[in-house]
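>>> Dropping a prediction and its sequence here:
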Amino acid sequence: MPRIYRTMKRADDGLPVVEATARGLGVRVPPDKRSDIDIDGAGNVILNGRGMSVAEHWRHIFPGMIPARLDDGHNGARGSNELHCWRMGEGPFVVGPLADKLELIMKEYARKSGLVVPSGPMPVQAFQDALAATRGQWIEDES
């Protein structure tokens with residue numbers, strides 16, 4: 001399983017918050033103008049290279065999503081300090097299976113960034129549930 005990083009809020013139990021936002025473990029869906037996925041008329045995720053954003057390391061995440069407390073004077077971190085850096089997996093950051101019903105693909109425009117997408121056709125809620133099922137595998141890592 002590839003090692004991936006994502007910034008998310010921390011829940012009271014010390015694990016990532018599951019929610020359909022850019023700051024949680026989940027994806028934004030239409031009609032949200034900033035949706036992370038597209039869906040068809042039947043409510044299934046369209047497999048078109050869109051999904052939940054992740055990176056090879058938290059240092060490669062957009063600076064506006066890196067907590068400001070991690071600003072080292074060079075990385076431009078300016079995100080909310082309610083965000084925390086999380087990692088999952090141990091393997092190389094390459095395309096392939098990630099977890100049950102999920103896989104990692106690369107973003108075309110940023111070589112150290114990827115997307116977690118469904119491994120096959122599925123309803124939106126099944127995708128959200130598959131993402132939520134990884135919750136216990138995320139480890140907070142701001143090193």
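Yes, it's here.
>>> what's the nearest residue to A130 once chain neighbours are set aside in contact with, if anything?
Spatial nearest neighbour of A130, chain neighbours left out: K101 (4.3 Å); criterion: Cβ to Cβ, 6 or more residues apart in numbering. Heads up, the C-betas are built off the backbone N, CA and C, glycines and all. By Cβ atoms under 8 Å, 6 or more residues apart in numbering, K101 lies in contact with P118, S119, G120, M122, A126, F127, A130.
>>> Over to K101: give its phi and psi.
Backbone torsions of K101, given as degrees, to the nearest 10, read phi 70, psi 10.
>>> before we move on, what about G43?
Dihedral angles for G43 - degrees, to the nearest 10 - are phi 90, psi 20.
>>> if I read this right, it contacts P121, doesn't it?
No: counting by Cβ atoms under 8 Å, G43 does not reach P121; the two are 11.2 Å apart.
>>> What ranges does this structure have for its strands?
4-9, 52-55, 83-88, 96-99, 102-106, 113-118, 139-140 (DSSP state E).
>>> Columns mean neighbour count and distance to E19 on top of these, output as a markdown table?
As requested, the strands of the chain are exported to a markdown table (neighbours: other Cβ atoms under 10 Å; distance: least, Cβ to Cβ, whole Å):
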| stretch | mean neighbour count | distance to E19 |
| --- | --- | --- |
| strand 4-9 | 24 | 8 |
| strand 52-55 | 23 | 12 |
| strand 83-88 | 22 | 13 |
| strand 96-99 | 16 | 18 |
| strand 102-106 | 19 | 17 |
| strand 113-118 | 22 | 15 |
| strand 139-140 | 12 | 17 |
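>>> Now tabulate those strands in TSV and tack on distance to D72 and mean pLDDT.
Converted to TSV, these look like this (distance: least, Cβ to Cβ, whole Å; pLDDT from 0 to 100):
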stretch	distance to D72	mean pLDDT
strand 4-9	16	98
strand 52-55	17	98
strand 83-88	13	98
strand 96-99	29	97
strand 102-106	26	98
strand 113-118	20	98
strand 139-140	18	98
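>>> Which one of those strands lies nearest to R23?
strand 4-9 (5.2 Å; Cβ to Cβ).
>>> So which other helices or strands are in contact with the closest one?
Helices and strands touching strand 4-9, by 3 or more Cβ pairs under 8 Å, 6 or more residues apart in numbering; DSSP states H and E, are strand 52-55, strand 83-88.
>>> Good, we can wrap up now.
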